[in-house]
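> dropping the sequence and predicted coords here.
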Number of protein chains: 2
Amino acid sequence: MLATVLAASIAAAQAATPAAQTTTISPAAIQHATQLRDKAVADDTGYKIVESLTTEVGPRMAGSEADARAVAWAVAKFKSLGYDKVWTEPVTFPKWVRTSEHAQVLGDHAQPLTLTALGGSPGGTVEGEVVRFADLKSLQEAPAGSLKGKIAFIDVPMERAKDGSGYGMGSQIRGRGPSAAAKAGASAYLMRSAGTDSHRNPHTGITRFDDGLTPIPSAALATPDAEQLSRLVALGKPIRVKVALDVGWTGEATSYNVIGEMRGRSKPDEVVVIGGHLDSWDLGTGAIDDGAGVAIAMGAGKLIGDMKQRPARTIRVVAFANEEQGLYGGRAYAEKHGPDVRKHQIGAESDFGAGRIYAFSTGAPERALGAVKQIADVLAPLGIAYTPGEGGPGPDISPFAGNGLAWAALRQDGTDYFDYHHTPDDTLDKIDPKALAQNVAAYAVFAYLAADAQGDFGSEAKKVTPPRE
Amino acid sequence: MLATVLAASIAAAQAATPAAQTTTISPAAIQHATQLRDKAVADDTGYKIVESLTTEVGPRMAGSEADARAVAWAVAKFKSLGYDKVWTEPVTFPKWVRTSEHAQVLGDHAQPLTLTALGGSPGGTVEGEVVRFADLKSLQEAPAGSLKGKIAFIDVPMERAKDGSGYGMGSQIRGRGPSAAAKAGASAYLMRSAGTDSHRNPHTGITRFDDGLTPIPSAALATPDAEQLSRLVALGKPIRVKVALDVGWTGEATSYNVIGEMRGRSKPDEVVVIGGHLDSWDLGTGAIDDGAGVAIAMGAGKLIGDMKQRPARTIRVVAFANEEQGLYGGRAYAEKHGPDVRKHQIGAESDFGAGRIYAFSTGAPERALGAVKQIADVLAPLGIAYTPGEGGPGPDISPFAGNGLAWAALRQDGTDYFDYHHTPDDTLDKIDPKALAQNVAAYAVFAYLAADAQGDFGSEAKKVTPPRE
């Protein structure tokens, strides 16, 4: 919804700019992209990249020792794939660490509970009676001090949806629940995981506390544990729980956006930028979030680089640093490259798993829509619909898109994404190699054709409200 | 296969005994059982029992504080369900405890591995290079001393099957792998979980060491972790792993078989015995293994107890102690009640989850097969096929069946059972209330008709090889 509003505001802004050349794509380019597509769907380059990253590096939380290994892996992988130019750009952020986390019901029904600290939670060991809330609003309406010494618990199931729309409420409960609990005086915060599975694998993810509040230990229960706690509370007796989190912020860390380029044949200073994020949460091995995105973009660039005739413009692949804790890599990229926005033909990020792409759209202005439709026509045999006006830029592209970068959306089927997202279960076995190849094919087609178009897709310095937080 | 052999040997033994009365069931009993069946499939007594046990007690490993609470729960639950007589019988066994368990890959590919100690494993912290074996036989053939200082790792996927047949190899790898590793000099043993899922929830289960061996720390990796470790080993460099298990045997514990009876109307001293086991592993809440079995048997007895006309014989429901670590409750029951074998009309245990029952059979002799067919006919509308010659007694019934107890098998669909078996994921949400009600209905029909039959099903003191270890 938000993305649609953004697209409209960009279109309105663009209507006011002077008329420019109509963007078109040559028949030769269409032919090359069609061949590229058919080669890519039968190619396992992408799968081998994500297998390598998730196996050899494994979990790689921003700022960790493994994150540094991931940066070295990305540099080496770009080079081994034959990228023409490979470099890093530093990204600095606060460092958060997880050492251990435990919880248990105390008393007559003593038993362990499976949970995981939310990113950004402080550490601490708390015992208290659980007060259950059926939604975020109820907790937000709890009077100040009413939860003194208690543990606030929100138990809201998340709905499964192809487009991931159920995550809206889930991420709000994660982002805003802890502050609401702290305001009401609670000594800790528990939530049912923002996930669609029913396994003992809780879903982590970043949270933040409003200014002026003293942060409280905050964690997500696995779905079966949230249901168990609700049943225990429903017995009608006070249920006391102990939560022990050894986690917290500890200084600053510097990681890197890792960038590889396949040089364009005639306009090498102009780039189509595609990417994913290199960091992951620590619980799984970051296969679907976002090893897949890195592999899709790296793999697409590799296949374009191998073509007999490169596109006019350069393909730039970015493995973004620290997306998970606040789009640090995406913001750093936007800041550093903002002055060059007009040299960025268009950008797209893959960060919604490894499901098949089912829809394509862009935020491009009227003059480019013919070329967009040409791209859509080459994507169509991959099972991808052209859905103008829907979607939005991926998270790490969004800060720059907010400042005028033209963007495309290659929307993935996220029906199962929130079964694994941010859990220990985000591992390589959750990726279907054929679906990943379809993604690589789509990104390759899109990037190739956008890079070879005559004319632009609307990148232009401007100031609009960023589409996503 | 083993069970088929047993059935044949029992039949042969019975052919040699003097001819007895043909067993029959009255038309009135058939009518009552049909009504009972139709009431039971729409009744939630069984689900409420398993909800209560798994919620209020939770995990209840044999000998733990929670196991004692489970015994108290069972006594109270039998009483609240209106059982006429409730008592306990002590069961003593060695006590094994799990405090913590961790593992990690060391070196260039440092990352945590998710595992769980096998029941019976000693504790210890071990570092060593991993040597992978593709099957149990290869490890068993490793020369003595050849794995000195190494960690043996067997990686065999388990096949999914309705009848759980894939577990045969899985449980062998768990039971015999540790001794094979110790014989070859390994300092620790790892196996891919005996399970059919692909989640970060490893499968525990009992193991034992051959006499004369020094036990070594032994654990099961979650499926994704086993695959990850195999991929790491396949990189071709030595892969070192650290395994730290704080677990082990610690003295003896006494728990209890908890028994409830619904008194028969005319032959109250003779019993049909049905049951499940009360203990569970500690990782999940023991919903499918075996809260479901306890609930099915307790629920069936309750519905029979509520009938206007009770069956001739008594329905005895047993919640067996410590099945998981060696059938201690089943053995204790067989030992104590062995002299009364002829007063046991027939026995059946539910210990294969909460899937629908799809097949019925017994080990009864020729003279009882008419009555068995009568029972099968009342079960048929529940989707249950009569499959003579297949199946065998449940684990806790098997020691007594080996000594002559007549047994029935109500075989459950175990297609998904090994996705959850012995894992943290064995929780209430994995039970379909309708499937559980079908189980209760089947057990109620079987127990009622067997208890009201004229004549017997072949219980007689004898000595045959126990059908299962």
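Noted; the coordinates are in hand.
> which residues of the stretch 301-450 of chain A lie near chain B?
For the stretch 301-450 of chain A, the residues in contact with chain B (Cβ under 8 Å from any Cβ of the partner chain) are A:423-425, A:427-430. Every C-beta, even on glycine, is put in place using the N, C-alpha and C of the backbone.
> tabulate these in a markdown table, adding columns for secondary structure and neighbour count.
A markdown table is the format used below for these (DSSP: H, G, I helix; E, B strand; the rest coil; neighbours: other Cβ atoms under 10 Å in any protein chain shown):
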| residue | secondary structure | neighbour count |
| --- | --- | --- |
| A:T423 | coil | 28 |
| A:P424 | coil | 28 |
| A:D425 | coil | 28 |
| A:T427 | coil | 29 |
| A:L428 | helix | 24 |
| A:D429 | helix | 16 |
| A:K430 | helix | 21 |
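> from the residues you listed, pick the one nearest A:E51.
A:E51 has its nearest neighbour among these in A:L428, at 6.0 Å by Cβ to Cβ.
> let me know the pLDDT of the closest one.
On the pLDDT scale, A:L428 is placed at 98.
> my guess is it contacts B:S230, does it?
No. Using Cβ atoms under 8 Å, A:L428 is not in contact with B:S230, being 11.5 Å away.
> what's in contact with stretch A:62-72?
Stretch A:62-72 has contacts (Cβ atoms under 8 Å, 6 or more residues apart in numbering or on different chains) with A:53, A:57-61, A:88, A:93, A:95-97, A:253, A:255-256, A:258, A:278-279, A:282, A:321-322, A:324-325, A:328, B:108, B:110-111.
> if I look at the residue of the stretch 201-350 of chain A found nearest chain B, how far off is A:E366?
Relative to chain B, the nearest point of the stretch 201-350 of chain A is A:P224 (4.1 Å; Cβ to the nearest Cβ). Distance of A:P224 to A:E366, given as Cβ to Cβ, to the nearest Å: 51 Å.
> look at the two and report which has more neighbours.
A:P224 (28 against 13; other Cβ atoms under 10 Å in any protein chain shown).
> I figured the more buried one hits A:D197, correct?
No. Between A:P224 and A:D197 there is no contact, the gap being 9.5 Å when judged by Cβ under 8 Å.
> check which element follows the longest strand anywhere in chain A along the chain.
Secondary structure of chain A per DSSP state E: the longest strand is strand A:240-262. Where DSSP states H and E defines the elements, the next helix or strand beyond strand A:240-262 is strand A:267-277.
> gap between stretch A:110-122 and the chain center?
23 Å (Cα atoms, centre = their mean, to the nearest Å).
> end to end, how far does that stretch reach?
End-to-end distance for stretch A:110-122: 25 Å, by Cα to Cα, to the nearest Å.
> now the spatially most central residue of chain A, what's its secondary structure?
Taking Cα atoms, centre = their mean, the centroid of chain A lies closest to A:D351, which sits 4.1 Å from it. For A:D351, the assignment made with DSSP: H, G, I helix; E, B strand; the rest coil gives coil.
> pLDDT below threshold where in chain A?
Scanning chain A for pLDDT under 70 picks out A:1-19, A:463-469.
> how about the longest helix along it: buried residues?
Longest helix of chain A, by residue count under DSSP state H: helix A:433-452. The neighbour-count check on helix A:433-452 (16 or more other Cβ atoms under 10 Å in any protein chain shown) flags A:435-452 as buried.
> direction-wise, compare it with strand A:240-262 and give the angle.
For helix A:433-452 against strand A:240-262, the angle by axes from the mean of the first three to the mean of the last three Cα atoms, to 10 degrees is 50 degrees.
> many thanks, have a good one.
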